[in-house]
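>>> A predicted structure for the sequence below; I have some questions about it.
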Amino acid sequence: MLENPPVEVAASILALRGRRGLKRLDAIISAPLMRRDGTILVDPGYDAHTRLLLDMTEPAQNVPERPSPEQLEAAFNRLWEPFEAFPFVGPVDRAVMLCALITGIERPVLTTSPAFAFDAPRQGTGKTLLAECVSILATGERPNAWPHVDRNEEETRKRLLTSLRSSARVLLWDNITGTFDSPSLAAMLTSDVYTDRVLGVSSAEAYPNRLLTLLTGNNFTPSGELPRRVMTCRLDARSERPPTRSRPGIARSATNAAPGSGPACTSSTGGAVHGR
């Protein structure tokens, strides 16, 4: 029978820290990705170059480092299929969505990343659903959504530190309205390691930052330092009553597409890096 060890034993092991000789593990990922040197991490198991553990439920697919135009087109079509019917305002908004998908896969090897915002003129357009799908394709799971708090920087700091302490892969800040500014969020978005004081005590903690930050809202405007650190994808159904979208159906499509979308993202990244 498997049982948890006594607390004293766990505390003794943790106290050894660097003397245990364990390999450093930065994250567990579920899909291939491109390393920062342009090579592809596709073999399951621990990768010493990135300090990542690739744990795949499906057999690893062949991901070309230099995809041909035909392979790149096929990869893009597979990746984009669940999102074809969403009312993106224009090409820039589609490009931001594609960037969010690729960044979601590549985030564990990126030192910093912009936040991605999904904005619309009214409710029911599919903003949160798109954000959930980005998380599903990147991590295999829906993110925990944090409801917006207006002008409460202390609560914002709590949420950021909580997400980093829990090793969350995705932070979803949901249903923002009006002008949104947060010096703490702006600082985190440009920090490889995020440090802040633990509220209630007189000590600070530092955590590696590999969070993918997603924001949703209706007609919200980033302000302060955030406009330079947030990429916005605008949706507009051009209707007072946007068509109801099947959240379970679309999320299920994204979940079903996830095993192939990771390699598709990586192929798209390879095509961009090598100028296809």
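Received, thanks.
>>> alpha carbons only for contacts and neighbour counts from here, please
Noted.
>>> so which residues of the stretch 151-276 of the chain form strands?
170-180, 193-197, 204-208, 212-222, 230-234 (DSSP state E, counting those that start in this stretch).
>>> can you check the stretch 1-150 of the chain too?
So, for the stretch 1-150 of the chain - with DSSP E, counting those that start in this stretch - the strands run 27-29, 33-34, 40-41, 45-47, 52-54, 115-120, 145-147.
>>> format the strands of the stretch 151-276 of the chain as JSON lines; extra columns: mean neighbour count and mean pLDDT.
Formatted as JSON lines, these follow (neighbours: other C-alpha atoms under 10 Å; pLDDT from 0 to 100):
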{"stretch": "strand 170-180", "mean neighbour count": "20", "mean pLDDT": "93"}
{"stretch": "strand 193-197", "mean neighbour count": "16", "mean pLDDT": "89"}
{"stretch": "strand 204-208", "mean neighbour count": "13", "mean pLDDT": "88"}
{"stretch": "strand 212-222", "mean neighbour count": "22", "mean pLDDT": "94"}
{"stretch": "strand 230-234", "mean neighbour count": "22", "mean pLDDT": "96"}
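>>> to residue 46, which of those lies closest?
strand 204-208 (18.7 Å; C-alpha to C-alpha).
>>> who are the packing partners of that closest one?
The contact analysis (3 or more C-alpha pairs under 8 Å, 6 or more residues apart in numbering; DSSP states H and E) places strand 204-208 against helix 153-165, strand 193-197.
>>> closest one to residue 178 among the ones you listed?
Nearest of these to residue 178, taken as C-alpha to C-alpha: helix 153-165 at 15.8 Å.
>>> list the buried residues of the closest one.
156, 157, 159, 160, 161, 163, 164 (16 or more other C-alpha atoms under 10 Å).
>>> repeat that for stretch 92-110.
93-94, 96-98, 100-109.
>>> just to revisit the earlier point, closest to residue 217 out of the buried residues of helix 153-165?
Of all the buried residues of helix 153-165, residue 156 has the smallest distance to residue 217: 16.4 Å, by C-alpha to C-alpha.
>>> pLDDT score assigned to the closest one?
pLDDT for residue 156: 92.
>>> didn't it look like it was pressed against residue 187?
No - counting by C-alpha atoms under 8 Å, residue 156 stays clear of residue 187, with 11.9 Å between them.
>>> what is the end-to-end distance of stretch 165-175?
End-to-end distance of stretch 165-175: 24 Å, with C-alpha to C-alpha, to the nearest Å as the criterion.
>>> related to what we said a few turns ago, need the helices and strands packed on strand 204-208 in a markdown table with distance to residue 65, can you?
Putting the helices and strands packed on strand 204-208 into a markdown table (distance: least, C-alpha to C-alpha, whole Å) gives the following:
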| stretch | distance to residue 65 |
| --- | --- |
| helix 153-165 | 32 |
| strand 193-197 | 30 |
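>>> residue 133: which of those is closest?
Nearest to residue 133, of the helices and strands packed on strand 204-208 and by C-alpha to C-alpha, is helix 153-165 at 19.2 Å.
>>> tell me what angle that closest one forms with strand 193-197.
130 degrees (axes from the mean of the first three to the mean of the last three C-alpha atoms, to 10 degrees).
>>> so residue 55 makes contact with residue 30?
Yes - counting by C-alpha under 8 Å, residue 55 does reach residue 30; the two are 5.1 Å apart.
>>> looking at these two, which one has more neighbours?
The neighbour count for residue 55 versus residue 30, taken as other C-alpha atoms under 10 Å, is higher for residue 30 (20 against 16).
>>> returning to that earlier point: the buried residues of stretch 92-110 in helices, which ones?
93, 94, 96, 97, 98, 100, 101, 102, 103, 104, 105, 106 (DSSP state H).
>>> quick check: pLDDT value at the third one.
The reference is to residue 96. Residue 96 is given a pLDDT of 96.
>>> repeat that for the first one.
Residue 93 carries a pLDDT score of 97 in this model.
>>> just checking, it touches residue 120?
No - at 11.3 Å, residue 93 does not count as touching residue 120 under the criterion of C-alpha under 8 Å.
>>> contacts only, for the spatially closest residue to residue 147 that is not a sequence neighbour.
Among residues not flanking residue 147 along the chain, residue 174 sits closest, at 5.1 Å (C-alpha to C-alpha, 6 or more residues apart in numbering). Counting by C-alpha atoms under 8 Å, 6 or more residues apart in numbering, residue 174 makes contact with 128, 145, 146, 147, 148, 215, 216, 217.
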